[in-house]
Each structure stands twice: as structure tokens, then as C-alpha cells.
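J.: fold the stuff below for me.
(2 chains)
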Number of protein chains: 2
Amino acid sequence: MLTKLKRLLIGKPLKTNESHSQKLNKFKALAVLSSDALSSVAYGPEQILIVLMAVGSGALWYSLPISLGVLILLIALVLSYRQIIFAYPQGGGAYMVAKENLGINFGLTAGGALLVDYILTVAVSVSAGTDAITSAFPSLHEHAVLVAVIIVVLITILNLRGLTDSATLLSYPVYFFVLMMLLVIGGGLFAALTGHAAPIHQHAAVGTPVMGVGLFLLLRAFASGCSALTGVEAISNAIPSFKDPAPKNAARTLLMMGGLLAILLAGIVYLSYWYGVHPESDQTVLSQLAGNLFGRNLFYYIIQVSTALILILAANTGYSAFPLLAFNLAKDKYMPRPFKVKGDRLGFSNGILTLGALSIVLIILFKGRTENLIPLYAVGVFIPFSLSQTGMIIHWIKKRPKGWQGKLMINLLGALICYLILVIFFLTKFPQIWPVLIFVPIVVTIFHKIHEHYMLVAQQLRVDFSEPVPTVHASDNIIVVPVAGITKVVEQSLTYAKSLSGNVIAVFVGDSPEAIDKMNKEWNEWNPGVRLIALHSLYRSIVSPLDKFISTVKYKADKRGATVTVVFPQFYTKKWWQSLLHNQSGVLIKASLIRHKDVVIATVPYHFKK
Amino acid sequence: MLTKLKRLLIGKPLKTNESHSQKLNKFKALAVLSSDALSSVAYGPEQILIVLMAVGSGALWYSLPISLGVLILLIALVLSYRQIIFAYPQGGGAYMVAKENLGINFGLTAGGALLVDYILTVAVSVSAGTDAITSAFPSLHEHAVLVAVIIVVLITILNLRGLTDSATLLSYPVYFFVLMMLLVIGGGLFAALTGHAAPIHQHAAVGTPVMGVGLFLLLRAFASGCSALTGVEAISNAIPSFKDPAPKNAARTLLMMGGLLAILLAGIVYLSYWYGVHPESDQTVLSQLAGNLFGRNLFYYIIQVSTALILILAANTGYSAFPLLAFNLAKDKYMPRPFKVKGDRLGFSNGILTLGALSIVLIILFKGRTENLIPLYAVGVFIPFSLSQTGMIIHWIKKRPKGWQGKLMINLLGALICYLILVIFFLTKFPQIWPVLIFVPIVVTIFHKIHEHYMLVAQQLRVDFSEPVPTVHASDNIIVVPVAGITKVVEQSLTYAKSLSGNVIAVFVGDSPEAIDKMNKEWNEWNPGVRLIALHSLYRSIVSPLDKFISTVKYKADKRGATVTVVFPQFYTKKWWQSLLHNQSGVLIKASLIRHKDVVIATVPYHFKK
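T.: Model prediction:
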């Protein structure tokens, strides 16, 4: 039943050697891995305008130089991540670069910050998409959390089906959004140049001096604009998902993404300036631009729908990168081992499921109002950005390949801008981002605890091949068979026990002297060839007298190096409800014995035929 | 931790031979077992008046002859249950009587109807008590269901502590209620006789003819009044809870209860008639009487509180009778075996917990509005009443002890009245009581299904003492040890396996030819003296190749009558969170193997020391 449901939802299992079919070509990879970055076009320019508008509409022209800064940072990031892709083609991105060049703690900091960030990405983008849906269908408003959770579940299932399946489906809305944006930008520029369109508000000329515009304000606007750059790192984490030659394909995809993102950002910012768009609380900048250019017709609504879709799909970038990063951490024994296991469809199902579950927790915890998490998640991504750039600087200095000075310069520039942005973030948005200072150290501590445990376990389990394997004698085993009466099941258990060892003891717990006498009498009559020990329980509990008896046996056995095995029958009834009619106390007794007494438990199945 | 909490809630375990300390004297027994019956004084007379009032206040005098009928029935029931107590001193009441004399199906019908009835009693009386509480504290009104559930939980805990503990605590409010009622009746009669009090309304003289009073109406009023007799049977179910001589003490307690109930019922009905109380929707008859006699002073409120308390405590009668009845049914193998087990405090804890849980389900299902269940529960109690009276008739005819004719007459009268009331119930309240015709047959069917299963099991497990116990040879055993690599745990498992049998096979599942080659090479190097079978898994699953392999081994073993044992290690980490870091897939594999392959599973514990 469960297996069938699983098949239906995620498809039939794939053989390990079918993994090539689950690799991405550039076209699909761009769709899956850039949805996060591209979706920021929908809110990045607006973030800049909102900060500037605080001074007045005259200050809006500053969005042009600020966006120029963002674009320079984008170019620096794309170029330096391109270098990371070639230097670390096995993937792992910032974690790998920082670990290799700056040491494990910096690596774990980068990795931990990114893992948390992907969870935030999913929660924030699905919540944003849900807002768009509930704006369109107000009756769904009171079920917003439920809608968001359902969307996360759907995306999770899609990802469990495997990368190519989800990529095929998801590439349509991504490219459709890009097309729509290009149409808006193209149409807007054409109208502006030909003078066919009227601005919404008059824009101030570039360079107009404005009262109250200080460095702090400009820095805040710049930092807000930089939140549009989240997601740029995703491709470097997911190199193994690409078709061969993976690094080359990944690098090209990164360049395409950078180019697209630059064009869309520059276009939207310039049009917003030219048309004098003011940020408004009840309408997005994109909506104003589209509405002004094309009027409120079907085309306008299609643009709105495609924007809502891309916001939701931004979550998918997290799904592509989180499991691979978790795999890399698990490979180095900093995350639990299950994150290393590939599922039926060759994705890292445990990573996918964990990401889905944790983002659902976040959505429920914040009741779907996750907007306040946006600055947190922007700063969370600049920590690994900074660390990976720094790592690359060390890399070039150590390796010094041909032309390393130029490569070093690119990463140096990237690093400087990243650190600058981190400083700006902490200066301008501290009240929203302080949690990062708490959760990153916590996550790193957890990584270390896990690592320490695995190391201790490996040490304890290591076998010295030079030592001979210990030899044993069958007589060493003492077998204890708890019996509740004389039945076929007891007979079967005793027969089994006698086949293992000549040293079998049956033990009976009676709650009255009469019950004990009766049992002894019947046992002698039956005479199964096994000694019976009858214990008296004052408190009607079977567990504690049995526990004490087995402790005594174990103590004696330990002294002569013998093993103690306790044999328990387990009933299997024909129908499920019948199992309710049998005391399942055996399960509890077994659990208690094996946990505390260090004895072997042998479970002998008894299948009722009727 | 859990153990400590349990101790705190229900007290330290008692030895089996301490059970005398958990027996009830007459004083406490009366309190515990009669609270249900006595509480009906609070609503029984009112039920009669409500039916009569439908015709008009002139018809209210009919309450006197109707109550006389109820009193006659009460006397008949008390006398005949007294005879049941002596005839069946081991308890079990209607179930025993009907089973012994009318056959098992009538016994099960009586028992099933009573079990369901006790659940209804708890739900109905706790809901009634909760209504009284939320009337006093309206702010609790929206949490009525929660309040009711908390009360059920408290009563359940009290009963888990043992009979005497709960009896001591519960006897105060019961006797306090009796005292209050006697004061109301005494005061009312005194005032009426001395002419100190004025009636609320003028009452019509007895015998005044009233238009519209037909037989149907009078019968309905009579049936409603009979709901005051529920709970009379409880003592006969609980004889084993009494101090020795149990039957004599139980019989005396029954007489005391009958006497008290008769006095209170007669008194309240007569005063209601004399003072011309009309039933009102917003004030109970008791409240009107008390208010009229003493005014709305502190004393009036004390009476109200004591009434609310007795309504809640009526639930306790169910707790005293249900577990004993369930025990009797379980002893005869018609209910699951756990109902036979005495808990730490010598009560039948499983019965107590089941009753608590099921009544909570009812309360939640009906959202605390359980008044509609009252007729259902009244009719539910007259089924066992009728069956036990009928059973006693057969009993006397078969046994014919000295003076059996007189005893027969008592039970004959009781039986006739009970059947009459059942007929009246079905004629006048069919829309409310039809479910009884469905649930009683369902419960009886379940009893039979359970019985049938236990009989089949007993038959399959029966050992023929004349047949010799089969002999076995150690070589018969094949031991399979699944291994994931070469570790101390594998070494320990292999050592254990070799101590059991000379026929040990290690099996490894690898997901690539390289992994298999590597394992084979290392195994040969290690040379533990055990053959290794390496299997290739195409789908990365360990379960299915292992499953297939064990099927093959099992098939071969079966042919030569050998047993197959599969050895699994189980890890125990130092700290609980560390266990999350180890694949628990072993648990699933074990469950699947033991369920489907009929092999023995030996679990070898491995305790990490660090």
C-alpha cells in the first residue's frame, strides 16, 4: 500500500547506473538553479527605491548609481564563482573553498550559514508566492499557512521525483518570466525613446542635489539592493548535477545567469527611474511599470501571474543546492550519515525531505509572515560569499597557476565588496540580522559534535587485522527462555534454544505460591529436558523478577566469558486486529533487557495459522 | 522519569497480598457505589414533572402515583439484586446471572449493554457536572469540553490510585449530599405541617380529573422517572471489592442504598407536589424547593454545590463497576486479556483507563452536550435488569432451595416491571433509543470474535504431554550475519554466531562492483573464518537483495529441517541524540524479515563506551 503510494508520487526506482539520465543540460540547469537569483528582479529594485523614498521622490535618481554598484558586485561574484567552479569541480561551493583554504571552521561557518539560508529561501519565497495567490483569491486568505504548506509539499514531491523531472516542468515558468520581463523592458525603452509613453511622475535629473541624502542612507539602499544577488552561489554547489563536462557547463550556465540577471536588473531600474515610479505599499514597482505601459489588460495579468510563479519557484534553488551541500558535509562526517544516501530516484531524498520539513516548521512558526526574515537571509548568504572569495585569494597565492595575478585581483575585488556589504548590513540592519550571530555558531557547534561522535565510533569499531579473530566454544552460551505456561510456542522456543546450546534454563514468574507449584508439577510431567526456575513476583510484574534473574545469570556468565541469550517468542496473528488481543509486554521486556543487561535477544516468530 | 511521574500520580505499587487493604467497608462502599443512584434524586423527579407539565399544572398530582410505581420497582429491584448477591457472590451481576441461567448470548447482551452504559454514565454525569460549573463560572463556558475532559482525567487518576483511596475522598461529598437532601426534606415537611411555609403555586388535589392525561403520557412519565433507578445494579457487579464477608456486606450496603434512595425520592416528589413546584427551564426543581424554603442564602448555594458534586461523582460508580465486569468478561475470554491484569495499586488499571479514554471520546464527539444520551443510557440499564431478573427466575426453578417460591415471586415481579418499562421505553422514546438495537448486537459480535480467536489460539498452542519433546542437533542451525564493513561490531556478531553453530554465512550488499571487490579483498585479508557472500544491489536498497538471499537460505534449510537465524547488531550510544546519527534501517529490515520470512532474529547489543 505505502509502496504503491510512493510509486505514484515519485515514480519507479532508478538503477544506480541510470544516474546519467538524471543530469541536467544547461538549458534546464539555468531554469532550476537561477530561479532564486532571477526572482529577485521582482523585489530587488523596489528595495532600493523604498529606502530612497524615505527622503523624497527627488532622491530616486540615486537608484541608478546604486544599481551600478550592485551590477559591479554581480560581475565580480559571477567571475569569481566561475573560478571556484573550475578550481573545485566536485561541487560544494563556499564550504569546499573555505574548508580547503581557510580551515575547517571557516568551511563549516560557510556551510552552516548556507544550509540555514536555503531553509529561509524556501520559507520566504513560498510565503511571498502565497501572498500573491491569496491577493488574487481573497477567500484563501485565512488558509494562507495551509496553502504555503501545500506548496512546499508539492515542490518537495517534485524534487523527490528527481532533478530532470522537476527541471522539465519548472523551466517553462522560469523562461516565461524572463520573456515577460524582456518584453516589459523592451516595450518600455521603445516607448520612452519614441516618446509614445508618459512618465507616471516626473523624474529628477541625475545629479540633482537632494537634502538629507547621507552616506548611511545610500549604504542602506545599496545593501537592500544586494539582496537581489542571493542565489548566485547555487550553481557552484550543484556542479555534480550537470551533464559532462560538468564544470564547463556549470561555468557557462553561471555566465548566462549573470548576463540575464544584469540585463533584467539594469532594465527594470532604468525604466523605474525614467517613468518616475514611486514605491507604493499596495502595488509593486513591476505592476506599476506593466500597468502604465500596457494598460490593465490580459497581458498585465499574465505578467503578474508569471511573477508570482517565479517567486514560488525560487524555492526550488534551495532544493537543488541544500541536499548536495548536506551530502558534502555528511561525506566529511559533519552531518548525519543518512544525508549521503541516494533515494529511489537518485536524488538525496533525506536532504530534500529535511529541507521541506524545516521550511514548513518556519512557515508555521511565523504563521506565513516571513517577510521579516528577508534581511536575515540576505546576510546569511554574504557570509559564505565573503568566505569563498577569501578562500580563493589564499588558493591563488598558494597555487600560483599561469595568470594567477589577474584571477587573484577578481577575487580580491569580490572579497572587498562582500566584506563591505557585510559591514553595511550589520551597521544598518542590526536589529533584524543579529540572530545570524547566534544560529551560525550553534550550527557549527552541532557539526563538531556530530563529527566528534563519528570519529569516536570509528575509533571504537576499528578492527586490527593483525590480531587473530577470537575463537569460541558452543558451550559458552547460556540460553534463558522465559515461559508463561506450557504451550506449543514454549516447545518451539525450547527446541530452538536446545539447538543452540547445551546450557538452557527456562524461567517462570508466578504471582502466587500456588501458581508456582502448579507450574513445577506440570513441567515435571511434561519433562522437556530443560531445567525450570520458578520465581515469585510480589508485585504481579514479570519484568523486575526476570530482570534480576537475568542479571544474576549474566554476572556468572561474564566471569567465565560466556554469552547470555534470552529467547522470546513473537506472535503473528492472521488478522491485524487479533494482535491487539495478545499482551505485547514482550516488546517492553525485550527493550529493557537489551538496553540495560547487555544480553543477546533472540526473537522466534510464531505464526498463527487460524 | 516516567516511573517517577507514575509514582507521584498513583502512588507506590502494592504487593498482591496487600489486597485486603484495598477492600471497602460498608460505609465507603455505599459512597462509591451509590453515587450514581443517589445522584438521580437531582433529576429523576424533575423528569416526571416535565412530562406531566406538557398537559398542564393540574396534572402534576399524577407524580405521586407514578413515583409510587417507581418506588415499588425500586423495592423489587433491590430485593431481587439482594438475592443475586447471595446467589452469585463472586460478582459479575447481570452478566453472571444471565450467562448461567439463560445461556452465554443473553449473558453477553447484559454485559455488553452494561459496559456501554458505564461509559455513557461517565460521559453524561461529568458533562452535567461541567454544566453546573460553567453556570457558576461563565468564563469557563467556551472551555466546557476541556473542563469535562480534565474532570474525567482526575477521576481516572483517583481510581488508578486504588479503591480505598478514592472511596475515602469521595465519601465526603456523597454523604454531604445525602445530609443536605435530608435537611431539605425534613425542613420542607416541618414547614408544611406547621403551616410556616407558603406553596410556590397552588397544587391540585390528588384525584382531580385532568383533560388530556392519557395512558401514553402517564407511561412516558413513569419511564422517565425510572431513569432514577440506574446504578442500582452497580453493587452486584462489585462484590469482590467488599471486605469479608463480602456478600453479606454487599447485601447490607444495597439495602441501605435502596432505603436512602426511596426516602430521598419520595421526599422530593412529595415536597414538589405540596409546594406546587412547576418545572422551569432555567431553574431545577431542587433549586426551587431549596430557594423557597430557606431563601437565597449561603445554605442555598451549599446545596447547589453539593448537587453539582454528586452529579460528577456519579461517574465514579462506572469506574467501580466497569473494570470488574470487564475482568469477568476477560476471564471468560470474551474481552482482551489485559483486562484481567491488576495494576500497581491492585485495581484493574486497563479497565479504568479504557473507561476514561472512551468517555473522553464520547464527550469530545458530542462536544460536551451529552443530555440526549440520557434515555439511551436508561434503556441500556433496563436490558441487564430484565435479563438478570429472568435469569433468577430460572435459577429458582432449577435449584428450588428452601422458600424458593417467595424468592421466585420477587424476581417474577421485578422481571414483569422491567419488561413493562422496556416496552414503554420503546413505545414512547424510540427516536432516542434506537441506537441500542445496533450497538448491543455489535458489541456481542465483537465478544464472540474475541472468544473465537482465543479458542483457536489455545487449540493451536496446546501441547500433548504424551508426545515426546522433539530432539535437535546444533548443526541444524544456519546463521546469517549481514555485514556492512569490517568493524568491531561485525567481529562481535561473527564471534557470537560461531558460538551458536558451525554453519555461519556473512552477507554483504554493495552498490557497485568496485565496492564488492574491495570488500572481498579486505575480508580475505582479515580472514575471520566465515564465508562471505557479496551481493550487488542495483537500486541502492539493502533490504531487497538481503530478503531474496535469506529466502533462498530458508528454502534450503526447510528442506532439511534446519532453523535459520539472522544476527543483527543494535547500537546503543552514550547519549540519546547520538542514536539519531546511526542508520536505524536495521529495525525495518528486522521487522520485515521476521514478519515474512519466518526466521529467528538475534539482536546483539553493542554499547558505545564513548
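J.: make sure I have this right: residue A:90 is in a strand.
T.: No. Checked against DSSP: H, G, I helix; E, B strand; the rest coil, residue A:90 lies outside a strand; its state is coil.
J.: distance of it from residue A:218?
T.: Look at residue A:90 and residue A:218: by CB to CB, to the nearest Å, they are 40 Å apart. For every residue, glycine as well, the C-beta is placed using N, CA and C.
J.: and what of residue A:603?
T.: 72 Å.
J.: rewinding a little: of residue A:90 and residue A:218, which one has the most company?
T.: residue A:218 (18 against 11; other CB atoms under 10 Å in any protein chain shown).
J.: ok and the residue in the stretch 51-200 of chain A nearest chain B?
T.: Nearest residue of the stretch 51-200 of chain A to chain B: residue A:162, at 13.6 Å (CB to the nearest CB).
J.: most centrally placed residue in chain A?
T.: For chain A, the residue sitting closest to the mean C-alpha position, by CA atoms, centre = their mean, is residue A:355 at 3.2 Å.
J.: can you pull the contacts of that residue?
T.: A:118, A:119, A:122, A:156, A:318, A:319, A:322, A:323 (CB atoms under 8 Å, 6 or more residues apart in numbering or on different chains).
J.: so of those residues, which ones are in helices?
T.: Those of the contacts of residue A:355 mapping onto helices are A:118, A:119, A:122, A:156, A:318, A:319, A:322, A:323, per DSSP state H.
J.: now, which of these sits nearest residue B:451?
T.: Closest approach to residue B:451 among the ones in helices among the contacts of residue A:355 (CB to CB): residue A:156, at 47.8 Å.
J.: check what pLDDT that closest one gets.
T.: In this model, residue A:156 is scored at 91, pLDDT.
J.: excluding sequence neighbours, find me the nearest residue to it.
T.: In this structure, residue A:156 finds its nearest non-sequential neighbour in residue A:356, 3.6 Å apart by CB to CB, 6 or more residues apart in numbering or on different chains.
J.: that neighbour should be in a helix, yeah?
T.: Yes. Residue A:356: assigned to a helix according to three-state DSSP.
J.: correct me if wrong: it contacts residue A:155.
T.: Yes. Counting by CB atoms under 8 Å, residue A:356 touches residue A:155, with 7.4 Å between them.
J.: between the two, what contacts are shared?
T.: residue A:122.
J.: so where's the stretch 451-600 of chain A uncertain?
T.: Across the stretch 451-600 of chain A, residues meeting the criterion (pLDDT under 70) sit at A:469-475, A:540, A:580, A:582-585.
J.: that one: helices as residue ranges?
T.: A:488-500, A:513-526, A:543-559, A:585-597 (DSSP state H, counting those that start in this stretch).
J.: which of these sits closest to residue A:192?
T.: helix A:585-597 (75.0 Å).
J.: neighbouring contacts of that closest one?
T.: Residues outside helix A:585-597 that contact it (CB under 8 Å, 6+ apart): A:482, A:542-543, A:546-547, A:550-551, A:554, A:564, A:566, A:568-570, A:599, A:601, A:603, B:570, B:572, B:603, B:605.
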